[in-house]
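Undergrad: Need the 3D shape of this:
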Amino acid sequence: MTFDLSAMCFFCFALSCTQTYGVDAHESDIKCLAYSHSLSLVATGSNDGHIKIWDFVYFLLEQQHHTTSEVNCLVFVEPFPVLVSGHENGDVHVYTVRPAAIPQLLFTFSSYVTTTTTN
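TA: Predicted coordinates for the structure are as follows:
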C-alpha cells in the first residue's frame, strides 16, 4: 500500500524488487489490508468505510462493500472463503468471498450500547 491511495504489487527476488501492477485503489486513506494465499485474494479497507477485495494474481477488483464506519481491521478466516472486518464504531461484518457463487454479507454484529433508566 502507498500513501497516495493506490495499491501496488511487486515481484521481489533476492535484494531486488520490480513493480508488476499498480491501481488507484481507494478514494480515502487505506487503513488496513488482509492477504489470503490459498484464495489468491487481498482485501483493503479505508477510512471512508469501503472494503475492496482484489485478485492478487491479475490485480483485478473482485468485489467491494461500503459500510458506514472506518474499516480498522480485516482478516481472512482460512481455509474458509470468509472475510471478517472490524470497524471504528465497533461493528463486525462477516462476508463470503470466492469461490462462493454469490459473495455477500453473511452477518453483522453491532456493539451499540443502550441505556435504560428506572425511576
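Undergrad: Kindly provide the distance from I102 to V94.
TA: 15 Å (C-beta to C-beta, to the nearest Å). No exception for glycine: its C-beta is placed from N, CA and C like everyone else's.
Undergrad: Which residue ranges of the chain form strands?
TA: 6-13, 16-24, 30-36, 41-46, 50-55, 60-66, 71-76, 82-87, 92-96, 105-109 (DSSP state E).
Undergrad: what sits up against the last one?
TA: Applying C-beta atoms under 8 Å, 6 or more residues apart in numbering, the set of residues contacting strand 105-109 from outside is 65, 82, 91-96.
Undergrad: From these, pick the one nearest S110.
TA: S110 has its nearest neighbour among these in D91, at 5.3 Å by C-beta to C-beta.
Undergrad: Which residue is the nearest non-sequential neighbour of the closest one?
TA: S110 (5.3 Å; C-beta to C-beta, 6 or more residues apart in numbering).
Undergrad: What pLDDT is listed against that neighbour?
TA: In this model, S110 is scored at 90, pLDDT.
Undergrad: And C32, by the same measure?
TA: So C32 comes in at 90 (pLDDT).
Undergrad: Isn't it up against L83?
TA: No: counting by C-beta atoms under 8 Å, C32 does not reach L83; the two are 11.5 Å apart.
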